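*Asks:* Return a 3D structure for these sequence lines:
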Amino acid sequence: MSTITQRGLNKAGLSRRSLLTATGAAAIGLTFTACGEKPKAAPGAEEAKLNFYNWDTYIGETTLGDFKKATGIDVNMSLFATNDELFAKLKAGNPGFDVVVPSNEFVTRMSQGGLLEPLDHAKIPNMKNIDPSFLNPEFDPGRKFSMPYTWLLLGIGYRKSKVKGVPDSWKWLFDSDQYKGRIALLSESADLVRLSAKYLGHSVNNIPQDMLPKIEQMLIKQKPFVKAFHDDNGQDMLMSGEVDLVLEYNGDIAQAMKEDPDLDFVVPKEGSLINSDTLCIPKGAPRPNNAHAFINYLLDAQAGAEISKTILYPTPNAAAKALMPEDYKNNPVIFPPADVMAKCEYGAFEGAEKASQYEELITRVRAA
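*Replies:* Numbers count the residues shown, from 1 in each chain. Just a heads-up that it's a prediction; the model follows:
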């Protein structure tokens with residue numbers, strides 16, 4: 001196991017992505033491996049190893065070692081920082097990954113681009129543990145290419161002692177100078193454009209062309225009041241006191257709230273954007289049988305519960321959720337109530353041209 005332990009990462013308050021920035025792992029290719037002797041492959045069988053490409057701080061503390069004890073398969077876990085990085089790596093040709101963790105719209109994008117292997121559901125019997133509401137998503141009908149790992153919801157993390165009332169509208173982040181210099185926005189372009197559209201009364205999808213200049217002008221006007229566009233380490237900025245309001249994922253703020261009771265999280269009244277991170281087998285995976293076995297293991301009830309205890313993201317695994325303590329199952333930050341979720345949507349992949357348009361819009365905002 002790497003000397004940088006998962007426990008240490010969580011105590012440091014790092015998000016699923018921020019470790020890469022802190023350690024330079026993107027440059028040095030930081031890898032985590034399960035402990036123990038290197039197993040030997042049986043004659044004619046796949047080598048007893050597996051290469052897992054994952055977000056940082058996004059696995060249980062003992063998951064990789066437990067999987068090795070159960071199967072003899074040694075897991076090498078490398079880390080990526082963004083879906084764009086994962087996509088670019090696989091588009092250039094799979095360098096040997098067996099399991100990857102793309103977010104919802106990238107499942108669509110990668111499957112359409114021929115970058116994913118279809119899953120053999122017969123080799124994933126723990127699929128029975130998944131909450132039925134996650135079994136037929138629009139981004140991957142019938143779960144042909146992906147299994148659900150977690151889901152995430154964007155909202156506003158804030159410091160209660162510094163903010164007057166509850167910041168229950170995107171206006172607080174996108175259209176107000178009330179907390180100038182005390183705001184941090186997530187840097188992902190599609191998320192910013194979509195949530196701005198949500199604030200302006202539109203769906204996060206099929207945003208009309210004539211709305212894009214309005215979004216750009218609104219964000220350019222807001223930019224002088226924004227302290228930073230962060231790479232999903234907004235909870236760190238909130239905990240350190242750099243900012244008082246931040247656009248961030250519910251799981252990241254739930255982790256921070258355990259350490260700092262002055263923090264809270266709200267989903268704005270206009271609604272928000274749901275993301276789902278998934279388990280996929282990339283095209284050309286050298287060990288597809290091991291990959292199916294690993295995905296099946298991660299969907300086990302006990303294994304899933306151990307992961308959720310560490311990362312505190314909402315789980316789509318109903319059997320794992322049933323094993324979790326009440327302070328997880330009943331936490332409204334991790335599992336917002338139904339009336340809140342009813343106003344939230346998944347972002348759809350609407351083509352590379354639109355993705356580029358959003359990137360260019362936010363590049364202009366940040367350069368303004």
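
*Asks:* Please report how far Phe335 lies from Ala81.
*Replies:* Phe335 sits 27 Å away from Ala81, going by Cβ to Cβ, to the nearest Å. Just so you know, the C-beta spots here come from the backbone N, C-alpha and C atoms, and that holds for glycine as well.

*Asks:* what's the answer for Glu188, then?
*Replies:* For Glu188, the distance to Ala81 - Cβ to Cβ - is 11 Å.

*Asks:* Could you list every helix and strand in contact with whichever helix or strand Met237 is part of?
*Replies:* Element membership of Met237 [criterion: DSSP states H and E] is helix 234-240. Under the contact definition 3 or more Cβ pairs under 8 Å, 6 or more residues apart in numbering; DSSP states H and E, helix 234-240 sits against strand 147-159, strand 183-186, strand 226-230, strand 245-249, helix 250-259, strand 263-266.

*Asks:* Could you list the buried residues of it?
*Replies:* Buried residues in helix 234-240, defined by neighbour count with 16 or more other Cβ atoms under 10 Å: 234-239.

*Asks:* starting at the chain centroid, how far to it?
*Replies:* 18 Å (Cα atoms, centre = their mean, to the nearest Å).

*Asks:* ditto for stretch 353-366
*Replies:* Stretch 353-366 has its C-alpha centroid displaced from the chain centroid by 21 Å (Cα atoms, centre = their mean).

*Asks:* likewise stretch 300-311?
*Replies:* That offset, for stretch 300-311, works out to 16 Å (Cα atoms, centre = their mean).

*Asks:* just stretch 259-277 next, same as before
*Replies:* Centroid displacement of stretch 259-277 relative to its chain, using Cα atoms, centre = their mean, is 13 Å.

*Asks:* Phe52 against Asn76, yeah?
*Replies:* Yes: the pair Phe52 / Asn76 is scored as a contact, 6.7 Å apart, by Cβ atoms under 8 Å.

*Asks:* Give me the more crowded residue out of the two.
*Replies:* Phe52 (24 against 17; other Cβ atoms under 10 Å).

*Asks:* For the more buried one, grab phi and psi.
*Replies:* Dihedral pair for Phe52: phi -120, psi 120, per degrees, to the nearest 10.

*Asks:* Can you tell me the element Ser78 falls in?
*Replies:* Residue-wise, Ser78 maps onto strand 74-79 under DSSP H and E.

*Asks:* For the helix or strand following that strand, buried residues please.
*Replies:* Counting by DSSP H and E, the next helix or strand C-terminal to strand 74-79 is helix 83-91. Neighbour-count burial for helix 83-91 flags 83, 86-87, 89-90 (criterion: 16+ other Cβ under 10 Å).

*Asks:* next one: stretch 196-211
*Replies:* Residues 196-200, 202, 204-205, 207 are the ones in stretch 196-211 that count as buried (16+ other Cβ under 10 Å).

*Asks:* Rounded mean pLDDT for it, please.
*Replies:* Taken as a whole, stretch 196-211 has a mean pLDDT of 97.

*Asks:* With stretch 230-237 instead?
*Replies:* Stretch 230-237 shows a mean pLDDT of 87.

*Asks:* Okay, now that stretch: how far is its last residue from its first?
*Replies:* 9 Å (Cα to Cα, to the nearest Å).

*Asks:* Which residues are in contact with Pro282?
*Replies:* 90, 94, 97-98, 100, 110, 115-117 (Cβ atoms under 8 Å, 6 or more residues apart in numbering).

*Asks:* That should have said Pro102, apologies.
*Replies:* Pro102 makes contact with 83, 86-87, 110, 146, 277-278, 280 under the criterion Cβ under 8 Å, 6+ apart.

*Asks:* Tell me the spacing between it and Lys89.
*Replies:* 11 Å.

*Asks:* How about Asp66?
*Replies:* 27 Å.

*Asks:* for Ile281, same thing?
*Replies:* Distance of Ile281 to Lys89, given as Cβ to Cβ: 15 Å.

*Asks:* how about the closest residue to Asp66 other than its chain neighbours, secondary structure?
*Replies:* Nearest non-adjacent residue to Asp66, counting by Cβ to Cβ, 6 or more residues apart in numbering: Ala303, 6.7 Å away. Of the three states, Ala303 takes helix under DSSP: H, G, I helix; E, B strand; the rest coil.

*Asks:* Please work out how many residues are found near Ala303.
*Replies:* Other residues within reach of Ala303, judged by other Cβ under 10 Å, total 22.

*Asks:* wouldn't it be in contact with Gly60 here?
*Replies:* Yes: the criterion here is Cβ under 8 Å, and Ala303 meets it with Gly60 at 7.1 Å.

*Asks:* so what's Glu296 up against?
*Replies:* One thing to correct before we go on: residue 296 is Asn, not Glu. Asn296 touches 123-127, counting by Cβ under 8 Å, 6+ apart.

*Asks:* Which strand or helix spans it?
*Replies:* helix 288-298.

*Asks:* I appreciate the help and will end here.
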